[in-house]
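Quick one: sequence plus predicted model below, questions after.
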Amino acid sequence: MTKVHHHEFDVVIVGAGGAGMRAAIEAGPHAKTAVISKLFPTRSHTGAAQGGMAAALANVEEDSWEWHTFDTVKGGDYLVDQDAAEILAKESVQAVIDLENMGLPFNRTPDGKIDQRRFGGHTRDHGKAPVRRSCYAADRTGHMILQTLYQTCVKLGIEFFNEFYVLDMVMTEVDGQEVPAAVVAYDLATGELHIVRGKSIVYATGGFGKIFKTTSNAHTLTGDGIGIIWRKGLPLEDMEFYQFHPTGLAGLGILLSEAARGEGGILRNAQGERFMERYAPTIKDLAPRDMVARAMANEVREGRGGGPNKDYVFLDLTHLEPAVIDAKLPDITEFARTYLGVEPYTEPVPVFPTAHYAMGGIPTNIKAEVLSDNDTVIPGLYAAGECACVSVHGANRLGTNSLLDINVFGKRAGIYAVEYAKTATLPPLPENAEADVVKLLEQVRSSTGDEKVAVLRRELQDTMDANAQVYRTEESLNEALNKIAELRERYKNISIQDYGQRFNTDLLEAVELGFLLDLAEVLAYASRERRESRGGHFREDYLDRNDDKFMMHSMLYKEGEPTGEIGAGIRVGWKPVVITNYQPMERKY
Amino acid sequence: MSEVKEIAEIPSFTVTLSIRRFDPEKSEEASWEEFQVEMHSTDRVLDALHKIKWEQDGSLTFRRSCAHGVCGSDAVRINGRNRLACKTLIKDLDINSTITVEPIKGLPVEKDLVVDMNPFYQAYKDINPFLLANDKPEKERLQSPEDRARYDDTTKCILCAACTTSCPVFWTDGQYFGPAAIVNAHRFIFDSRDEQADLRLDILNDKEGVWRCRTTFNCTEACPRGIEVTKAIAEVKQAILRGKP
């Protein structure tokens, strides 16, 4: 019998990255708060973010939150909810000041203010020229945000459940409405289960980049949180929009920050040509990521790639002063040295797009409340950060807007989760709340087939890289979906080798694969149904943006079980985009 | 553009890893187990560990997450030296000899390469690793680039424990705060915005504090982030003796 522990809190936060800890800092002083994370907090992937956090501080040149809003909307190819983008841009300044006040060591201007630098898609006066909007701490801004938030949590005495894997959420009916009652977590150290009840539950579980082979994402980014929401029959929004970051280290996918181009780095093809001049004549290498990633992939497709297989392009920093590189880009240049043996002072660095960030996710409103359809709020359920879709990133996120997103909407999630918890009563816990998790784990443990988790995962990642990456077609997406259906069947015949209770990562990798399969299918199916090209979603069989039919968010619902037929068990709905000031225009840079 | 360096196809080769195994559910005793894996020279030790786990023995247990040296999960002892498995290229080791991989020393082993990190985290928490200032700024505080540079090096710490568990003093005296906690104290002691340097200096003036450091430089050599750990400890010692400069 699995041992089950019970806990009660006012606010339960799942995930201890930037969004989760920012929420905890708001919630902790006002309500009994717990943060549950599959990792020790400072291991979270926020720490891998490099370049910066956008905010119109105007410390080094004229800037305004209104310009930032416009850039965010345009960068997102007009699929951004403009009310949310206004909040993101307006609250950015306070978000940066909050972090500075907590102790974050931002780089400084000569007069001691927070320094700012350029980043892709951020412009002055509606696209006239690049603007210095990104607040940064060398090229480890995410590391410093994660450390500073954790330090603040330590100061506040926030209660953490580290290396606890949340595998399920228990819903119950209160006043005729389904509300979350608890999450069920698996303690890695002991194999025991913990039912953690809360009045408010906040999801801040990050992304799911491990559905792809070439990715900047951590091994642990398997989308468990979003997967749980999906399995509960709650919708996921805009899952077809996945960002491929232009500059991953070739063959490895390790991120080289866009800050490299913000500081003057140039992309070149094998002929040494600065090819972005052809694709984005005004802002060139600082065009938004979707455009740069497609341009790079196109250079390779047309035979202008470098290397023995002509399968990458080059990031050229050789014209920058070594002192500038050391001061502003120390980590990423070390990655090039360590992993490729390339010296960025003197040699261009081989790069190719890498799966980086999910624009879509759990639909929320501007109070970070999770929605059960286009506009119905689920009382007590919140989401923020990469796992959420509010939607400030629309069809393509601008660099430095994600570190901003986790701070602005993480903070909001904490504030509103507390506000709700103050008047709510703890929802009753259904009988056998742990039953589904016990069953899930038992299925994996008792399965004795001859399929291996690692093999299935690699085949999934291969098909997603081949068929659902920068370029997509109906045919490629169908191929991905058929492959996923095959992998689902084979997943029923896996077996693991570790049957122990303690630190059983073999068991958890099998469970995580289940979430990856679910999310890969949702992504591929949503991509198939959006028969247009917009932002990060590019369909070679539908080259243009089609505002008449698709100026809408997709809303995907799980209905029934997959049968192997394409789309079986998935329903697609559509949700209007919130437009305040900016009517859709052609997106040129 | 300067000459483009072509990255040629890299031949694969077989390496032998000897891994320290321990699973208290199976045996009270730890033991060495050898595995042979086919690797490429661009592969890291973490890739070899994954290959073993995914193809040969699913029960092999270790921590990892980001796989490129920023999350600090996978500090292990490779050929007797503390390193991050994800930052150690196989080709930089002697591939003709057996590569040994064992847990970092001085913390209780839980299973295979996983250790109990809690004593390490507790030492970190004990030095008050957060900004302490009484001012209530309405905007950002100002800090000159020079003041910001003063503690830059120690902001790089990823709490991987490679330094602390390479320290001979820590091995024999688990009560010693250890290099990582002192590095994180340094980060705040030398931050011009912080007002409680004396509080941390008092804590580290304890018998388990900085004076236990014997300047063996193991910690500096072990740091995967290139932090000059021993220098930071020396600066804290000086600050205790002479006051914060």
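Yep, it's here. Numbers count the residues shown, from 1 in each chain, chains lettered A, B, ... in the order given.

So, low pLDDT: which residues of the stretch 1-150 of chain A?
Applying pLDDT under 70 to the stretch 1-150 of chain A picks out residues A:1.

got the residues of it near chain B?
Within the stretch 1-150 of chain A, the positions near chain B by C-beta under 8 Å from any C-beta of the partner chain are A:39-40, A:42-45, A:47-48, A:57, A:96-97, A:100-103, A:105-114, A:137-138, A:140, A:143-144, A:147. C-betas here are computed from N, CA, C, even on glycine.

Going through the residues you listed, which ones are buried?
Buried subset of the residues of the stretch 1-150 of chain A next to chain B (neighbour count, 16 or more other C-beta atoms under 10 Å in any protein chain shown): A:39-40, A:42-45, A:47-48, A:57, A:96-97, A:100-103, A:105-108, A:112-114, A:137-138, A:140, A:143-144, A:147.

Could you see whether chain B lies near the longest helix that chain A contains?
Criterion DSSP state H: the longest helix present in chain A is helix A:505-529. Yes. Shown here: helix A:505-529 in contact with chain B (C-beta under 8 Å from any C-beta) through A:505, A:506.

Centre of the chain to that helix, how far?
Centre-to-centre, helix A:505-529 and its host chain are 15 Å apart (C-alpha atoms, centre = their mean, to the nearest Å).

and residue B:158, what helix or strand is that in?
Under the criterion DSSP states H and E, no helix or strand holds residue B:158.

Let me see the domain layout of chain B.
The record's domain split for chain B, according to automatic domain parsing, is B:12-115, B:118-242.

Compare these and report which one is nearest to residue A:477.
Among those, the nearest to residue A:477 by C-beta to C-beta is domain B:12-115 (27.7 Å).

Extract the residue ranges of chain A that are flagged as low pLDDT.
A:1.

Around chain B, which positions in the stretch 451-589 of chain A sit nearby?
Listed as neighbours of chain B in the stretch 451-589 of chain A under the rule C-beta under 8 Å from any C-beta: A:452-454, A:496-498, A:500-506.

Surely residue B:33 is in a strand?
Yes. Looking at residue B:33 with DSSP: H, G, I helix; E, B strand; the rest coil, it is inside a strand.

which SS state does the nearest residue to residue B:213 once chain neighbours are set aside fall under?
Closest residue to residue B:213 apart from its sequence neighbours, by C-beta to C-beta, 6 or more residues apart in numbering or on different chains: residue B:233 at 5.1 Å. The three-state assignment at residue B:233 reads helix, by three-state DSSP.

and residue B:233, what pLDDT?
What the model reports as pLDDT for residue B:233 is 97.

For it, give me its contacts.
B:179, B:182, B:183, B:186, B:210, B:213, B:215, B:219 (C-beta atoms under 8 Å, 6 or more residues apart in numbering or on different chains).

and the first one, how many neighbours?
Residue B:179 is flanked by 31 other residues according to other C-beta atoms under 10 Å in any protein chain shown.

Ok, the fifth one next?
Residue B:210 sits with 26 neighbouring residues when counted by other C-beta under 10 Å.

shaky segments in chain B?
Along chain B, the model assigns pLDDT under 70 to residues B:1-10, B:245.

Sketch out the strands for it, chain order is fine.
Ranges of strands in chain B, per DSSP state E, are B:12-21, B:31-40, B:75-78, B:81-84, B:99-102, B:109-111, B:114-115.

And for the stretch 1-150 of chain A?
With strands called from DSSP state E, counting those that start in this stretch, the stretch 1-150 of chain A shows them at A:4-14, A:33-37, A:53-54, A:116-124, A:129-135.

Residue A:583 is nearest to which of those?
strand A:116-124 (18.3 Å).

can you pull the contacts of residue A:394?
Taking C-beta under 8 Å, 6+ apart as the criterion, residue A:394 is in contact with A:72-73, A:75-81, A:238, A:241, A:359, A:535, A:577.

Same check on residue A:45?
Listed by C-beta under 8 Å, 6+ apart, the contact set of residue A:45 reads A:17, A:206, A:207, A:217, A:218, A:220, A:221, B:65, B:66, B:71.

count of residues packed around the nearest residue to it once chain neighbours are set aside?
With sequence-adjacent residues excluded and distances taken as C-beta to C-beta, 6+ apart, residue A:45 is closest to residue A:218, at 4.7 Å. Neighbourhood size, residue A:218 [other C-beta under 10 Å]: 25.

Distance of residue A:218 relative to residue A:127?
Computed as C-beta to C-beta, to the nearest Å, the residue A:218 to residue A:127 distance reads 34 Å.

How about residue B:244?
According to C-beta to C-beta, residue B:244 and residue A:127 sit 48 Å apart.

I'd say residue A:111 and residue B:142 touch.
Yes. Using C-beta atoms under 8 Å, residue A:111 is in contact with residue B:142, at 7.5 Å.

which SS state does residue A:589 fall under?
Secondary structure, three-state DSSP: residue A:589 is coil.

just checking, it touches residue A:289?
No. Between residue A:589 and residue A:289 there is no contact, the gap being 11.7 Å when judged by C-beta under 8 Å.

So for the two, which residues contact both of them?
With C-beta under 8 Å, 6+ apart, residue A:589 and residue A:289 have common neighbours residue A:121.

more crowded one of the two?
residue A:289 (25 against 20).

wait, doesn't that one sit right on residue A:248?
No. In this structure, residue A:289 is not within contact of residue A:248 by C-beta under 8 Å, at 11.3 Å.

Nearest residue to residue A:395 in space, please, no chain neighbours.
Closest residue in space to residue A:395, ignoring its immediate chain neighbours: residue A:535 at 2.4 Å, by C-beta to C-beta, 6+ apart.

thought the one you found was touching residue A:241?
Yes. Between residue A:535 and residue A:241 there is a contact under C-beta under 8 Å: 6.1 Å.

In terms of packing, which of those two has more residues around it?
Set side by side, residue A:535 and residue A:241 show more neighbours around residue A:241, with 32 against 27, by other C-beta under 10 Å.

how about residue A:64, what does it touch?
A:56, A:58.

What separation do you get for it and chain B?
Per C-beta to the nearest C-beta, to the nearest Å, residue A:64 is found 17 Å from chain B.

Ok, residue A:345 next?
Separation of residue A:345 from chain B (C-beta to the nearest C-beta) stands at 10 Å.

Not counting sequence-adjacent ones, nearest residue to residue A:38?
Closest residue to residue A:38 apart from its sequence neighbours, by C-beta to C-beta, 6+ apart: residue A:165 at 4.8 Å.

Count the neighbours of residue A:83 for me.
15.

Next up, the contacts around it.
Listed by C-beta under 8 Å, 6+ apart, the contact set of residue A:83 reads A:366, A:578, A:580.

circling back: any shared contact partners between residue A:535 and residue A:241?
The contact sets of residue A:535 and residue A:241 overlap at A:79, A:359, A:394, A:395, A:396 (C-beta under 8 Å, 6+ apart).

what's the closest non-adjacent residue to the third one?
Residue nearest to residue A:394 in three dimensions, not counting chain neighbours: residue A:76, with 2.5 Å by C-beta to C-beta, 6+ apart.

And for the first one?
Excluding its sequence neighbours, the residue lying closest to residue A:79 (C-beta to C-beta, 6+ apart) is residue A:394, at 3.5 Å.

on that earlier part again, in a strand, the residue nearest to residue A:45, correct?
No. Assessed with three-state DSSP, residue A:218 is coil; it does not lie in a strand.

For it, give me phi and psi.
Backbone torsions of residue A:218, given as degrees, to the nearest 10, read phi -70, psi 160.
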